[in-house]
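**Q** sequence plus predicted model, see below.
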Amino acid sequence: MCLTTPGKIVRIDTPTTEVRFAEVDFGVATRRVNLLFTPEVTVGDFVIAHAGYATRQVPEAEAREALGYLRELGETTETGRRSAHAEGRA
């Protein structure tokens, strides 16, 4: 089973008119993601990615709700970074 968290697009690169990539911040890591399946997204949008491709855009409220659940579990902080509790420092 795969588990993914929403990531926020922080930059979009367009090497050609047909190919777009984005730098997506997933909180604990930033990854380069292909936007082939989500051509409508812009910087600041949230996406779900699988195997290097953004598979769908996620409404901001839904993304923040999912990130909130992770915070409740002690997995991340407000920005998505790992919390001191999750890292064993709390």
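**A** On my side now, so go ahead. Predicted, not measured: the structure shown is a model, and the values here were computed from it.

**Q** V33 against A22, yeah?
**A** Yes. Between V33 and A22 there is a contact at 5.2 Å, judged by CB atoms under 8 Å. For every residue, glycine as well, the C-beta is placed using N, CA and C.

**Q** what is in contact with the two at once?
**A** 47, 54 (CB atoms under 8 Å, 6 or more residues apart in numbering).

**Q** so where's the protein shaky on pLDDT?
**A** Confidence mapping of the chain against pLDDT under 70 gives the ranges 1-2, 75-90.

**Q** what ranges does it have for its helices?
**A** For the chain, the helices defined by DSSP state H cover 60-72.

**Q** can you pull out the strands in it?
**A** Along the chain, the stretches classed as strands by DSSP state E are 7-13, 21-25, 30-34, 46-50, 53-58.

**Q** now the fourth one: buried residues?
**A** Of the residues in strand 46-50, those scored as buried under the neighbour-count criterion (16 or more other CB atoms under 10 Å) are 46-49.

**Q** mind giving me the packing neighbours of it?
**A** On a contact count with 3 or more CB pairs under 8 Å, 6 or more residues apart in numbering; DSSP states H and E, strand 46-50 meets strand 7-13, strand 21-25, strand 30-34, strand 53-58, helix 60-72.

**Q** quick check: Y53 touching N34?
**A** Yes. Contact criterion CB under 8 Å: Y53 and N34 qualify, at 4.8 Å.

**Q** quick one: the residue nearest to A66 when sequence neighbours are not counted from A49, how far?
**A** Nearest-residue entry for A66: P6, 5.6 Å, with adjacent residues in sequence omitted and distances by CB to CB, 6 or more residues apart in numbering. The gap separating P6 from A49 is 9 Å, by CB to CB, to the nearest Å.

**Q** list residues touching both of those two?
**A** Shared contacts of P6 and A49, defined by CB under 8 Å, 6+ apart, are found at F26.
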